[in-house]
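Asks: The sequence and its predicted three-dimensional model are supplied below.
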Amino acid sequence: MRANIHWFPGHMAKTIRQLDEQNKLIDLVIEIVDSRIPNSSRNPLVDKIFANKPKLMILNKKDLADPKITAKWINYYQQHGQMAITLNSKDLQIKKEIIAKIYEVLAPKINKALTRGIKNPKLKVLIIGIPNVGKSTFINALIKRQSAKVGNKPGVTKGQQWLKLNEQIDLVDTPGILWPKFDDPQVALNLAFTRSIKEDILPKEEVAFGALKFFYQHYFAPLKEIYQLTYNPDVNLDDEVTVFNLMLEMQTNKFKVKSEDNIDRIVNDFLNHLWNNQLGLVSFESPLKENNE
């Protein structure tokens, strides 16, 4: 993909400054990532700012991801000593599990406090994640009320909130934040595929081409079912003209319209299917690539 995709509005820069200032207050960082792109949806600033803090990673939206790939990710994190669990934050019964995990991760701090005669030390837990990973839905499920705004688009939460999980645990909710520059263009594409970047700044045609290439290689079935494409093992997906012709064929098959000068209709249709999760259970990256296996 040649286009540069960047989205780093002012409130994100402000949040990063606040996080840096609050570092000393935080006992545990819960980072929520998208199960479909666990690596691309990890903000590198989290490890930089909270390098010495215990972390719990939640692979959210497991109901949208390829379960076989998600299982590989959990195994990968376990091998690397990172505590990680999968969730669907729309499940309203997650509170008990999350509280148990918080106590498990912070057991050293709690035990140390007990030796000093402090029975119920206050625990401050930061909830962080990039836009549109389901962070607000997750928090609402924890505290059983609509305290955080929710929407299937990035940039809904704009300011920090302190929330009480129980008498011992306080949560800090932060706006979804990205980082100033995507060094890997594939990361930018993955974020676009999962709607973590505002739609109105995206080069839609190039995002659609990137998604088409991925589905052709890894999940061809919906392309056959919805757009009547025929699989060709010899197709050269590195050739932009070839990918354009595939998109043109999809438009012709579905809308009975062939226009080389305007493929906006099929681009929008394909992206709507992608963003509304109508192309099946999909994972856009595998831990095997991250592990060079």
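Replies: The structure has been received and is ready for your questions. Residues are numbered from 1 along each chain as shown.

Asks: Tell me where the stretch 151-293 of the chain has helices.
Replies: Here the stretch 151-293 of the chain has its helices, by DSSP state H, counting those that start in this stretch, at 185-193, 204-218, 221-227, 240-255, 264-275, 287-290.

Asks: tell me the most buried of the ones you listed?
Replies: Highest mean neighbour count of these: helix 185-193, a mean of 22 (counted as mean count of other CB atoms under 10 Å). C-beta: built from backbone N, CA, C; applies to glycine.

Asks: Next up, the contacts around T194.
Replies: With contact taken as CB atoms under 8 Å, 6 or more residues apart in numbering, T194 is in contact with 34, 36-37, 41, 132, 284.

Asks: Excluding chain neighbours, what is closest to it?
Replies: Closest residue in space to T194, ignoring its immediate chain neighbours: D34 at 5.3 Å, by CB to CB, 6 or more residues apart in numbering.

Asks: Show the pLDDT at that neighbour.
Replies: D34 is assigned a predicted lDDT (pLDDT) of 97.

Asks: Tell me if I'm right that K55 and D27 touch.
Replies: No - using CB atoms under 8 Å, K55 is not in contact with D27, being 11.1 Å away.

Asks: hang on, the earlier thing: nearest to Q160, of the helices of the stretch 151-293 of the chain?
Replies: Among the helices of the stretch 151-293 of the chain, the nearest to Q160 by CB to CB is helix 185-193 (22.5 Å).

Asks: Show the average pLDDT along that closest one.
Replies: Average pLDDT, helix 185-193: 92.

Asks: What are the contacting residues of that helix?
Replies: Outside helix 185-193, the residues that touch it by CB under 8 Å, 6+ apart are 1, 4-6, 36-37, 40-41, 130, 178, 182, 197, 202, 207, 210-211, 214, 274, 284-285.

Asks: Is there a quick ChimeraX command that grabs whichever of these are buried?
Replies: Command for ChimeraX, covering only those of the contacts of helix 185-193 found buried under the criterion 16 or more other CB atoms under 10 Å:
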select :5,36,37,40,41,130,178,182,197,202,207,210,211,214,274,284,285
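
Asks: Which residue lies nearest the spatial centre of this structure?
Replies: In the chain, the centroid-proximal residue (CA atoms, centre = their mean) is D34; its distance is 2.9 Å.

Asks: where's that residue relative to D238, distance?
Replies: In this structure, D34 and D238 are 27 Å apart, going by CB to CB, to the nearest Å.

Asks: now do W275
Replies: For W275, the distance to D238 - CB to CB - is 25 Å.

Asks: Same question for K144.
Replies: For K144, the distance to D238 equals 50 Å [CB to CB].

Asks: ok, and the closest non-adjacent residue to F209?
Replies: V243 is the one closest to F209 (CB to CB, 6+ apart), at 5.0 Å.

Asks: and what of D63?
Replies: Nearest residue to D63, sequence neighbours excluded (CB to CB, 6+ apart): N88, at 4.6 Å.

Asks: got the contact list for the one you found?
Replies: 60-63.

Asks: closest to N262 among those residues?
Replies: Closest approach between the contacts of N88 and N262, by CB to CB: K61, at 33.5 Å.

Asks: how near is that closest one to G81?
Replies: Using CB to CB, K61 is found at 24 Å from G81.

Asks: got the CA coordinates for stretch 120-135 in PDB?
Replies: Extracted in PDB, the C-alpha atoms of stretch 120-135 (Å, rounded to 0.1, in the frame of the first residue of the first chain):
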ATOM      1  CA  ASN A 120      -7.000  -4.300  51.700                       C
ATOM      2  CA  PRO A 121      -4.500  -2.100  49.800                       C
ATOM      3  CA  LYS A 122      -6.100   0.100  47.200                       C
ATOM      4  CA  LEU A 123      -5.400  -1.100  43.700                       C
ATOM      5  CA  LYS A 124      -5.300   1.300  40.700                       C
ATOM      6  CA  VAL A 125      -5.800  -0.300  37.400                       C
ATOM      7  CA  LEU A 126      -5.400   1.500  34.000                       C
ATOM      8  CA  ILE A 127      -7.500   0.400  31.100                       C
ATOM      9  CA  ILE A 128      -5.900   1.300  27.800                       C
ATOM     10  CA  GLY A 129      -6.400   0.400  24.100                       C
ATOM     11  CA  ILE A 130      -6.400   1.800  20.700                       C
ATOM     12  CA  PRO A 131      -9.600   3.200  19.200                       C
ATOM     13  CA  ASN A 132     -12.500   0.800  18.600                       C
ATOM     14  CA  VAL A 133     -11.200  -2.300  20.400                       C
ATOM     15  CA  GLY A 134     -14.200  -2.400  22.600                       C
ATOM     16  CA  LYS A 135     -12.700  -0.700  25.600                       C
END
